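Engineer: Below are the sequence and a predicted model; questions follow.
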Amino acid sequence: MASIAVRQTSMIERIFSIEIARVTERAAVAAARLRGRGAEKKSDQAAVDAMRRELGNLPIDGTVVIGEGEMDEAPMLFIGERLGTKFGPKVDIAVDPLEGTTLCAKNMPGAIATLAMADEGALLHAPDIYMDKIAIGPGYPKDVVDLDAPGDENIRSLAKAKGVKPEAITAMILDRPRHAELIAAVRKAGAAVSLITDGDIAGVIHTARPDRTGIDIYLGIGGAPEGVLAAAALRCIGGQMQTRLIVDTDEKRERTARMGIKEPRKKYRIEDMVRGDCLFAATGVTDGPMLSGVKFDKSVIETETVVMRSVTGTVRWIRAEHRRVDKF
């Protein structure tokens, strides 16, 4: 019996390391072949197909609980889809095979392929609607910032906790008309604003290492699936995050209820969105501040991937050379 337990632990360890990196690597390479071609749906489809094939090879009994974006009418790894060989641990899977489809289509910085995997029942089953978010890195008192507080108040609170003036704080916000008042409030408090066109998973992750990224806080409204994926990353590397679903129509209320969410206006923290052991992986598609993009050579494809695990706090940076280009 002890030997069976050891084998099961070894299997989980194996899944939660190199093999999960291969999943995002495959998706990133498939999308990268279409960089700069203006083909958002084709690049997304290529990433989806590659990720689905690779997940199908893993010795897991996995269920997609966070799928591809319905809001963009994108090809989906659909919610409820079962993946893997069906022989192995039962796991929840959250995917964004190509975060930043526009970034990839325009060959702009920051497009990534992402995946989170956790124990069965551990991930919030969030519908593909919008979500209000606030996130900071580790090392601060609990609830030093609050989703319901004004933007300028959060800047001042964070600056005080960090022991600096608000002018030393930089906030990352999606560049959207809906954020005009938020951006004005943050700037009025004295903080700098770093605007991004897409990619709020990476935006949240940037707050975990402000010494490297220059980003202290993430604020604003983005996709709920991306919020769960970002929460998985912060659970692994540390930080604080608060979110709330934007449920403002009858159709969204119905969809939220179908997903089993009984309190649609609940304020979620990381531990509400991601419980138990989880893993987050991301591979760069285009060059960005977090990851280098895919590099193509005559006989080699180079990728850079980060793999994080919550139970150990381990972060692995994997720079890989794939030499069998014809089969990658």
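Structural biologist: Yep, that arrived.

Engineer: now that we're looking at the nearest residue to residue 142 once chain neighbours are set aside, how far away is residue 304 from it?
Structural biologist: Of all residues not flanking residue 142 in the chain, residue 240 sits nearest, at 7.3 Å (C-beta to C-beta, 6 or more residues apart in numbering). C-beta here means a position set from N, CA and C on the backbone, and glycine is covered the same way. Distance from residue 240 to residue 304, counting by C-beta to C-beta, to the nearest Å: 27 Å.

Engineer: Pull the contacting residues for residue 222.
Structural biologist: With contact set as C-beta atoms under 8 Å, 6 or more residues apart in numbering, residue 222 has these partners: 130, 131, 133, 174, 200.

Engineer: need these in TSV with pLDDT and secondary structure, can you?
Structural biologist: As requested, the contacts of residue 222 are exported to TSV (pLDDT from 0 to 100; DSSP: H, G, I helix; E, B strand; the rest coil):
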residue	pLDDT	secondary structure
130	95	strand
131	97	strand
133	98	strand
174	97	strand
200	90	helix
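
Engineer: what's the most distant pair in these?
Structural biologist: The largest separation in those, counting by C-beta to C-beta, is between 131 and 174 at 11.8 Å.

Engineer: list residues touching both of the two?
Structural biologist: Joint contacts of residue 131 and residue 174 (C-beta under 8 Å, 6+ apart) are 221, 222.

Engineer: As a check, name the ranges of all strands in this structure.
Structural biologist: For the chain, the strands defined by DSSP state E cover 61-66, 82-83, 90-99, 112-119, 130-136, 170-174, 192-196, 217-223, 240-245, 268-269, 278-284, 295-296, 301-309, 314-322.

Engineer: Walk me through which strands the third one pairs with, and which way each runs.
Structural biologist: Taking DSSP bridges as the criterion, strand 90-99 pairs within the sheet with strand 61-66 (parallel), strand 112-119 (antiparallel).

Engineer: tell me which residues in that strand are buried?
Structural biologist: For strand 90-99, a neighbour-count test (16 or more other C-beta atoms under 10 Å) marks 91, 92, 93, 94, 95, 96, 97, 98, 99 as buried.

Engineer: With only the CA atoms kept, save it in CSV.
Structural biologist: Only the C-alpha atoms of strand 90-99 are listed here, as CSV (Å, rounded to 0.1, in the frame of the first residue of the first chain):
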residue,chain,number,x,y,z
LYS,A,90,-9.0,14.2,-10.7
VAL,A,91,-8.1,17.9,-11.3
ASP,A,92,-9.7,21.2,-12.2
ILE,A,93,-8.2,22.9,-15.2
ALA,A,94,-8.3,26.7,-16.0
VAL,A,95,-7.0,27.8,-19.4
ASP,A,96,-6.3,30.8,-21.5
PRO,A,97,-4.4,29.3,-24.4
LEU,A,98,-3.6,32.7,-25.8
GLU,A,99,-3.9,35.7,-23.4
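
Engineer: contacting residues around the residue nearest to residue 266 when sequence neighbours are not counted?
Structural biologist: Leaving out its chain neighbours, the residue that sits closest to residue 266 by C-beta to C-beta, 6+ apart is residue 244, at 7.0 Å. Counting by C-beta under 8 Å, 6+ apart, residue 244 makes contact with 131, 132, 147, 265, 266, 267, 268.

Engineer: As a markdown table, the strands of the chain with distance to residue 54 would be great.
Structural biologist: As requested, these are exported to a markdown table (distance: least, C-beta to C-beta, whole Å):
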| stretch | distance to residue 54 |
| --- | --- |
| strand 61-66 | 12 |
| strand 82-83 | 9 |
| strand 90-99 | 10 |
| strand 112-119 | 10 |
| strand 130-136 | 28 |
| strand 170-174 | 29 |
| strand 192-196 | 28 |
| strand 217-223 | 23 |
| strand 240-245 | 28 |
| strand 268-269 | 30 |
| strand 278-284 | 11 |
| strand 295-296 | 19 |
| strand 301-309 | 13 |
| strand 314-322 | 13 |
